[in-house]
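J.: Next input, structure requested:
(chains A, B and C)
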Amino acid sequence: MARSHAIPTLKVEGLETRFVTRRGPVPAILDVSLTVGRGEIVGLVGESGSGKSVTGLSIMGLIEAPGEVAAGKVLLNGEDLRTVSRRRLRQLRGDRIAMVFQDPMMTLNPVLRIRTQMVEAIRAHDSSVGAEAARQRCRDALAQVGIPSPEERLDAYPHQFSGGMRQRVAIAIALLNRPDLIIADEPTTALDVTIQAQILAVVQSLCREHGTALIWITHDLSVVAGLAERIYVMYGGSVVEEGGVDAVLDRPLHPYTDGLIRSVPWHNEPGRPLNQIRGMVPPLDRMPRGCRFRPRCDRATEGCREPVALADIREGHHARCIHPLVESR
Amino acid sequence: MTEAALIRPDEDDLPPPPPPRSPGRELLVELFRDRLALTGMVIVGVLAVLAFLAPLIAPQDPYDLMQIDFMDSRLPPGAESMTGMTFWLGTDDQGRDLLSAILYGLRTSIEVGILSAAIALVIGASIGLVSAYAGGRTDALLMRIVDLQLSFPAILIALILLAILGQGVDKIIIALVVTQWAYYARTVRGSALVERRRAYVDAARCQALPKRRIIFGHILPNCLPPLIVVATMRVAYAIMLEATLSFLGIGLPVTEPSLGLLISNGYTYLLSGDYWISVFPGVALVLLIIGINLVGDTLRDLLNPRLRR
Amino acid sequence: MTVFLIRRVGQTVITLLVMSVLVFVGIFMVGNPIDILIDPAATPLEREQTIQAFGLDRPVWEQYWKFLTGALSGDLGNSFLFNQPALDLILNRLPATLELAFTALFIALVLGIPLGIIAGLDPKSPLARGIMGFSILGFSLPTFWIGLIMIMAFSVFLGWLPSSGRGDTVDVLGLELSIFTLDGLSHLLLPALNLALFKISLVIRLTRAGVMECLQMDYVRFARAKGLSETRIVSLHVLKNTLIPLITVLGIELGSLIAFAVVTETIFAWPGMGKLIIDAIAVLDRPLIVAYLLITVVMFSFINLIVDILYSAVDPRVRLGDEGE
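T.: Residues are numbered from 1 along each chain as shown, chains lettered A, B, ... in the order given. Got it, this is the predicted structure:
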């Protein structure tokens, strides 16, 4: 779905992050490019180890030693986060771009009250806000994410909340300064399915309401199916397929995406053996040359030993494969 | 689908995995690579060798009353005795050659330190294992005792015990054992509990292995890493505690070689300028303790799973 | 919270009782109790009288009861050495030892925590490595020996500070404290520093470990994602999480300082309990030893209790219980 011609909120080009190990640098993500338009909801899908979380952290500049972002551009509203001063990065973080993490238990500091952790997010970007005004904003934010009795909840500590509530608080904090983009790194993975649905609904409606763009990182295809407009599929540290969510899920191009979709158990007829992608994801430091999916692919040929670029196969629908599944299923 | 030949997974040219090294060897390699630990090991090694060869290499046996002459007392370093022997480090107030006394004293320190740690380890580890495996009220009771013991400073416990038991090498060792066993018990129990919950223990039990075999064959080896760290630090502490107690006069009896006693003898002469009687034994003691602690420190960093990244 | 308090106090009382039994058994029953309590130089008649007076011919539990009631009313017999009530002797010396121990604790915290934070923030930096190296030195140097060296250096060679004794005291709330006089301070400095050295290392290491662990936590990452300054992250988020566990350690360490003061007091001739007890052990002055033990045990239990209460008051997870999930 084409967006307006304004500068996209986020444009990532050729991002590469690697970890320095005793045996040399190991790339965790390689040649990752993303675009998120104003107010667009994008899904970033992949298994554990695919590099999706690393991508999110790299965009935010939260990668720490022994990891480092080695190459690429991260343009937030045209500004390259990789080259701005540390001060500017701090200004932008929490204000124009925010992040929600996976484990709500440890995202919030257990020894500080909720209101402390919320007010500081406001004050860090606008120290002129008065105590009462800040408290008011926090109260409203909690109410918006659906937390009952927000006034009392402000003075509570994180351990007095359930997991779902804590995640709502994290989302409320992310939205406090009305950022242009939120990166949500598997925020519902650790929660029950029913809570998951609630959180999804909250995030979706708030993003629509404020025009906030969203990158939703997950391993769960069903989540992105109902939420995102476009989706990126990652494998082995690179984007292997991208396109509109319907296009990718109904007519996948990359064999991995196809395998992923087929692996979902409810696609299977009971009694028949479950579909699986044979083999396992190789460890980061032992990735095959060329196409990284090659050892597990039924369609691999000699030509797959060469590095493959992300190509535009169908309009707006890209895949990193020289044998894409162009015929319909 | 092209008709070009499909490649099979096993034809892949992935780089071969590095040969696996046993965790023990891995640890030793890391240990030797760390400069501080290496320094520590060298120091301890040299001192230990010198100490154990003391009867052979010391110019004099300073605790054989026939060999010391009161006329030689308080001679500065480098002085010569009537018999032509050089007192490289001077003599103490009894006329003992300080160099020899230090070597013998180191020997005692190391022996007492290691012996007490070994006994305490065996006792403590056994209690810890029993406690972890028995669980329930036995565990609760034993750990209460351990906590109680650990809430009192070692020196106090040693003071009490020595007040009751009196002086003597065996009494010191008993006192040192009592101050230490609780550390081992707690460490082993902690590791054993974690290990016990691991899947492989259930697997072993399914195989109907006898309990003793499970405990000693499976659980114990995995308790070793923190145990080694604790043991190293406790040996250093035991050595220091023994020296402290001897210095205070309630440790080893005056007939035994002890660095603490040497230092305490020299204390009275410190202010009048005969510094060597207290300083040199102290330096030897400090080197020994620092050496052990350097090794123990590195071991702790290497074996700590949480701080390793 | 009140339930917790009651339970803790109850535990303390039980601990004290158990300890009193242990002390009783140790001192009064190991070895010949008659020789223990009676001055070796007494005549047979005096022995007989003392046996009667102490009830040493009575059943054990009766002796224990006498001991316990005596202890609770403050009567633990007279010291052989000084022929004065043992308990009074110990209590007279207690303030000096406490002053030394608290000052040492203060020094250890004031120096150790900042150094530990620096070492933890950037562990690979040369400064951090230097601090850690210094800390190994700190707990490898035996207190007694380094005390001697300090005397040699600062008193004998440099002549800056006195080498022994306690300075002028000032009456504060009934206690004689020397820390408030200049002379007192100059006498206090070396011994307190000596005593503190070992603990400084411990505090540095604990703080460093705590800081390093905190920095890896998700909430620090989240704080950065919020755009907070590093200063705030360290001074609030990290510090609060690091210092709370430190409190529990402090209790044990204060007790350890009080016990280890024995060594420092001997070297610096500081007129505290420690010096007294060493002399008492040397001549087997049992009433004095018993008095020291009981006072120490009571103090430690008390300190542990206070620390527990303090910890539960400060850590919100303990204070408010778990209401979530």
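
J.: does stretch B:251-268 come close to chain C?
T.: Yes. Using CB under 8 Å from any CB of the partner chain, stretch B:251-268 comes into contact with chain C via B:Gly260, B:Ile263, B:Tyr267. Quick note: C-beta positions are derived from backbone N, CA and C, even for glycine.

J.: what are the ranges of the strands in chain A?
T.: Assigned by DSSP state E, the strands in chain A fall at A:10-21, A:24-36, A:41-45, A:67-76, A:79-80, A:97-100, A:181-185, A:213-218, A:230-235, A:238-244, A:311-314, A:317-319.

J.: May I have the predicted confidence score for the closest residue to A:Glu16 other than its chain neighbours?
T.: Distances taken as CB to CB, 6 or more residues apart in numbering or on different chains put A:Ala71 closest to A:Glu16, at 4.2 Å, once the chain neighbours are dropped. With respect to pLDDT, A:Ala71 scores 89.

J.: Next secondary structure after the lengthiest helix in chain B?
T.: Ranked by number of residues, the top helix in chain B under DSSP state H is helix B:98-134. Downstream of helix B:98-134, the next assigned helix or strand under DSSP states H and E is helix B:136-150.

J.: what's the neighbour count on A:Ala6?
T.: The tally of other residues near A:Ala6 (other CB atoms under 10 Å in any protein chain shown) stands at 9.

J.: I'd like to check which residues are in contact with it.
T.: Neighbouring residues of A:Ala6 by CB atoms under 8 Å, 6 or more residues apart in numbering or on different chains: A:Gly37, A:Arg38.

J.: rewinding a little: residues in contact with the residue nearest to A:Glu16?
T.: Applying CB under 8 Å, 6+ apart to A:Ala71 gives the contacts A:Gly14, A:Leu15, A:Glu16.

J.: pLDDT added to the residues you listed, as a markdown table?
T.: What follows is those, written out as a markdown table (pLDDT from 0 to 100):
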| residue | pLDDT |
| --- | --- |
| A:Gly14 | 89 |
| A:Leu15 | 91 |
| A:Glu16 | 92 |
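
J.: Most neighbours among these, please name it.
T.: Busiest of these [other CB under 10 Å] is A:Leu15, holding 24 neighbours.

J.: that older thread, how about the strands of chain A, which one is nearest B:Ile127?
T.: Across the strands of chain A, B:Ile127 has its closest neighbour in strand A:10-21 (40.9 Å, CB to CB).

J.: can you give me the helices in the stretch 101-250 of chain A?
T.: Per DSSP state H, counting those that start in this stretch, the stretch 101-250 of chain A carries helices over the ranges A:104-107, A:114-123, A:131-144, A:150-154, A:163-175, A:193-210, A:221-227, A:245-250.

J.: Pick the most buried one from those helices.
T.: Stretch with highest mean neighbour count among these: helix A:163-175 (a mean of 25; mean count of other CB atoms under 10 Å in any protein chain shown).

J.: So is it next to chain C?
T.: Yes. Helix A:163-175 comes into contact with chain C (CB under 8 Å from any CB), by way of A:Gly163, A:Met165, A:Arg166, A:Ala170, A:Ile173.

J.: gap between the closest residue in space to the third one that isn't next to it in sequence and A:Gln117?
T.: Spatial nearest neighbour of A:Arg166, excluding adjacent residues (CB to CB, 6+ apart): A:Pro104 at 3.7 Å. Using CB to CB, to the nearest Å, one obtains 13 Å as the distance from A:Pro104 to A:Gln117.

J.: Next: A:Arg82.
T.: Distance from A:Arg82 to A:Gln117, by CB to CB: 28 Å.

J.: Just the C-alpha atoms of stretch A:275-285, please, in PDB.
T.: Provided in PDB are the C-alpha atoms of stretch A:275-285 (Å, rounded to 0.1, in the frame of the first residue of the first chain):
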ATOM      1  CA  ASN A 275       4.800 -29.800   8.400                       C
ATOM      2  CA  GLN A 276       8.200 -28.600   9.300                       C
ATOM      3  CA  ILE A 277      11.200 -27.000   7.800                       C
ATOM      4  CA  ARG A 278      13.900 -29.600   8.000                       C
ATOM      5  CA  GLY A 279      17.200 -28.800   9.800                       C
ATOM      6  CA  MET A 280      17.900 -26.000  12.200                       C
ATOM      7  CA  VAL A 281      19.000 -22.500  12.100                       C
ATOM      8  CA  PRO A 282      22.800 -22.600  12.000                       C
ATOM      9  CA  PRO A 283      24.700 -20.700  14.800                       C
ATOM     10  CA  LEU A 284      25.600 -17.100  13.900                       C
ATOM     11  CA  ASP A 285      29.300 -17.900  13.500                       C
END
